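> Let's see this in three dimensions:
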Amino acid sequence: MPDTRSAKHLRRWRRNLADERAEAAVYRDLASRRTGAERAILLALAQAEGRHEAHWLDLLGDDVGRPLRGDFRTRTLGLLARRFGSVFVLALAQRAESRSTYSTDRDATPAMAADEQIHEEVVRGLATRGRNAISGTFRAAVFGANDGLVSNLALILGVGASGVSHATVLLTGFAGLLAGALSMAAGEYVSVRSQRELLEASAPRRHARDVVTRLDVNANELALVYQARGMDVETAATRAHDVLVRAAAYDGATGGTTGDVDDDDVLDDASDQHELVGTGAKAAASSFCFFATGALVPVLPYLFGLSGVAAIVVASALVGIALLGTGAIVGVLSGGPPVRRALRQLAIGYGAASVTYVLGLVFGATLG
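Residues are numbered from 1 along each chain as shown. As a prediction, the model looks like this:
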C-alpha cells in the first residue's frame, strides 16, 4: 500500500470524516430551533460540511470502515444544540470552527481550509446577534455575580480575621449582601437609563423623516444632516440626492411618506444601540439577583455553623469554584479562551480577598 494510504493516514481521514458528520449534525440541530434567515444559514453550513465529508469519503474509498463518533467536544456541542440552541451553543460552535486543522493538513484542499475560516465568521455573525440581544442584561448579571462573590468574600474574610464572633461575621455577610445588591441594582438602573436617554437625544425624530419628500431638491438641506453626522461634503450631497430620489419615487408610487421607507436610507436611528444597552429595569433586576446570589456563596459556611479557619477555607473554596465558572462562561460567550478567563477571574477575586484578610489580621492583632 502506498505511503499516502498508510494506517496512520486512514485513521486521520476517518477521524476527519466523523468530525465533519458530527459538525453537520450540530448545524442541522441548531437550524431545527431557528426560523427564517438564520435557519437557512445554518442549513447551508451543514451542506458545506457535507461537501467536506464527501472529500474524506473519496480519499478513503473502500477503507471507510465502521463509522466513528465525532470527538467529545463536537458530540457535547451536538447534545447542547439539541437541547438549547442558544447563543451559548453558537459561541461554542464558533470556537470549534476556529480549531480547524485543515490549513496545515496536506490532505485537505485549500478550499476546505478557506471554508472553515469563513464558517467561523458566519457563526460569529450569528452568535453576535444573540450577544447583542443579551449584552445589557448579561453584562449586569456577570458583573453582579462577580462583585457579589468578591466583595462579600473580602468583607467576610476581613471581618472574620479580626477575631469577632461567628454571629457578627454572619450579620456582616448578610448586611453586605443586601447593601451591595441594592446598590448594584440602583447603579445599573441609573446607568442604563442614562445611556438610553443619551441615545434618544441623539436619534433623529420621526417628523424629520416624514418631511424629507417636501425638501427642495436643489437646495437639498438633507445633505447638511449627513455633514453634521461626519460625512464630507461630496459624500453627503450624493447620499442626500439618492435618498430624495428614492423617497420621492416611493411616495409617488404608494401615496405614503418617507417614514415608510427604511429609516437607514433617510436618517440613521439608534434602535440597534438601544438593543445593545438593554432596559434599566432588566439590568437592575439582573444585577440585584446575581449580586445577591454571588454574595450568598461566601456566607454559606457560616450559615451552616462553621466558624474560624474552617469557615474561611470553605468560603474561599466555594467562591473560587464560582469565579472559575463565571470566568469560563464569559470566555465562551465572548469567543475567548475560557480557561484563561476563568483563571483571571480567580486571581482577581483571591487577590482582593487576600488584601482584606491581611488587614483583618492586622486590625485584630492591634485590638488584641
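> tell me the pLDDT at residue 273?
Listed pLDDT for residue 273 reads 49.
> do residue 294 as well
With respect to pLDDT, residue 294 has a value of 92.
> That one is in contact with residue 148, isn't it?
Yes: in terms of C-beta atoms under 8 Å, residue 294 counts as a neighbour of residue 148; the distance is 2.8 Å. C-beta coordinates here come from the backbone N, C-alpha and C atoms, glycine included.
> Now for those two: what residues contact both?
Counting by C-beta atoms under 8 Å, 6 or more residues apart in numbering, no residue touches both residue 294 and residue 148.
> domains for this structure, by residue range?
As assigned by automatic domain parsing, the chain contains the domains 3-131, 138-187+283-367, 204-269.
> Quick one: distance of the second one to the chain centre.
Think domain 138-187+283-367. Centroid separation for domain 138-187+283-367 versus its chain: 23 Å, with C-alpha atoms, centre = their mean, to the nearest Å.
> thinking again about what came up before, now the domains of the chain in TSV, with distance to residue 194?
Below are those laid out as TSV (distance: least, C-beta to C-beta, whole Å):
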stretch	distance to residue 194
domain 3-131	22
domain 138-187+283-367	11
domain 204-269	19
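> Can you pull out the low-pLDDT segments for the stretch 51-200 of the chain?
Residue ranges of the stretch 51-200 of the chain with pLDDT under 70: 67, 70-74, 77-86, 130-140, 196-200.
> let's see 50
The stretch 51-200 of the chain contains no residues with pLDDT under 50.
> which residues of it fall in helices?
Counting by DSSP state H, counting those that start in this stretch, the segments of the stretch 51-200 of the chain that form helices are 72-83, 87-98, 110-161, 166-202.
> Using TSV, lay out those helices together with distance to residue 341.
As requested, the helices of the stretch 51-200 of the chain are exported to TSV (distance: least, C-beta to C-beta, whole Å):
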stretch	distance to residue 341
helix 72-83	18
helix 87-98	12
helix 110-161	11
helix 166-202	21
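> so which of these comes closest to residue 34?
Closest to residue 34 of those is helix 110-161 (C-beta to C-beta; 8.8 Å).
> In contact with the nearest residue to residue 127 once chain neighbours are set aside, which residues?
Using C-beta to C-beta, 6 or more residues apart in numbering and skipping the chain neighbours, the partner closest in space to residue 127 is residue 90 (3.9 Å). If a contact means C-beta under 8 Å, 6+ apart, then residue 90 has 30, 123, 126-127, 130 as its contacts.
> ok, and the most crowded of those residues?
In terms of neighbours by other C-beta atoms under 10 Å, the contacts of residue 90 top out with residue 30 at 29 neighbours.
> what helix or strand does that one sit in?
Assigned by DSSP states H and E, residue 30 belongs to helix 7-31.
> Tell me how far that helix lies from the chain's centre.
Going by C-alpha atoms, centre = their mean, the spacing between the C-alpha centre of helix 7-31 and its chain's C-alpha centre is 27 Å.
> residues of it that come out buried?
Within helix 7-31, the residues scored as buried using 16 or more other C-beta atoms under 10 Å are 9-10, 12-14, 16-31.
> Then stretch 226-233?
Residues of stretch 226-233 classed as buried under the neighbour-count rule (16+ other C-beta under 10 Å) are 226, 231.
> Likewise for stretch 292-311?
Going by neighbour count (16+ other C-beta under 10 Å), the buried part of stretch 292-311 is 292-299, 301-302, 306, 311.
> again with stretch 158-167
Neighbour-count burial for stretch 158-167 [16+ other C-beta under 10 Å]: 158-162.
> Stretch 315-330 too?
Those would be 315-316, 318-320, 322-324, 326-330, for stretch 315-330 by 16+ other C-beta under 10 Å.
> so who does residue 348 touch?
With C-beta under 8 Å, 6+ apart, residue 348 has these contacts: residue 150.
> switch the cut-off to 10 Å
Applying C-beta atoms under 10 Å, 6 or more residues apart in numbering, one finds that residue 348 lies in contact with 146, 150, 323, 327.
> of all those, which two lie farthest apart?
So, the contacts of residue 348 by C-beta to C-beta: farthest apart are 150 and 327, at 11.8 Å.
> what do those two both touch?
345, 348-349.
> can you tell me which of the residues you listed are in strands?
Among the shared contacts of residue 150 and residue 327, none falls in strands (DSSP state E).
> between these, which is closest to residue 103?
Ranked by distance to residue 103 (C-beta to C-beta), these are led by residue 345 at 31.7 Å.
> ok so, going back, between which two of the buried residues of stretch 292-311 is the distance greatest?
Most distant of these, by C-beta to C-beta, are 292 and 306, 20.8 Å apart.
> residue contacts, residue 344?
Residue 344 sits next to 323, 327, 330-331, 336-337 when contact means C-beta under 10 Å, 6+ apart.
> at 8 Å instead, please
The neighbours of residue 344, taking C-beta under 8 Å, 6+ apart as the test, are residue 327.
> Look up how far residue 350 lies from it.
Distance, residue 344 to residue 350, using C-beta to C-beta, to the nearest Å: 11 Å.
> Quickly list what's touching both of those two.
By C-beta under 8 Å, 6+ apart, no residue touches both residue 344 and residue 350.
> in the stretch 251-368 of the chain, which spans are helices?
Taking DSSP H, counting those that start in this stretch as the criterion, the stretch 251-368 of the chain carries its helices at 263-266, 271-277, 280-296, 300-303, 308-333, 338-367.
> Now tabulate those in TSV and tack on distance to residue 49.
Shown next, in TSV, are these (distance: least, C-beta to C-beta, whole Å):
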stretch	distance to residue 49
helix 263-266	34
helix 271-277	31
helix 280-296	36
helix 300-303	46
helix 308-333	22
helix 338-367	24
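> Give me the below-cutoff pLDDT ranges for the stretch 251-368 of the chain.
Along the stretch 251-368 of the chain, the parts satisfying pLDDT under 50 run over 253-277.
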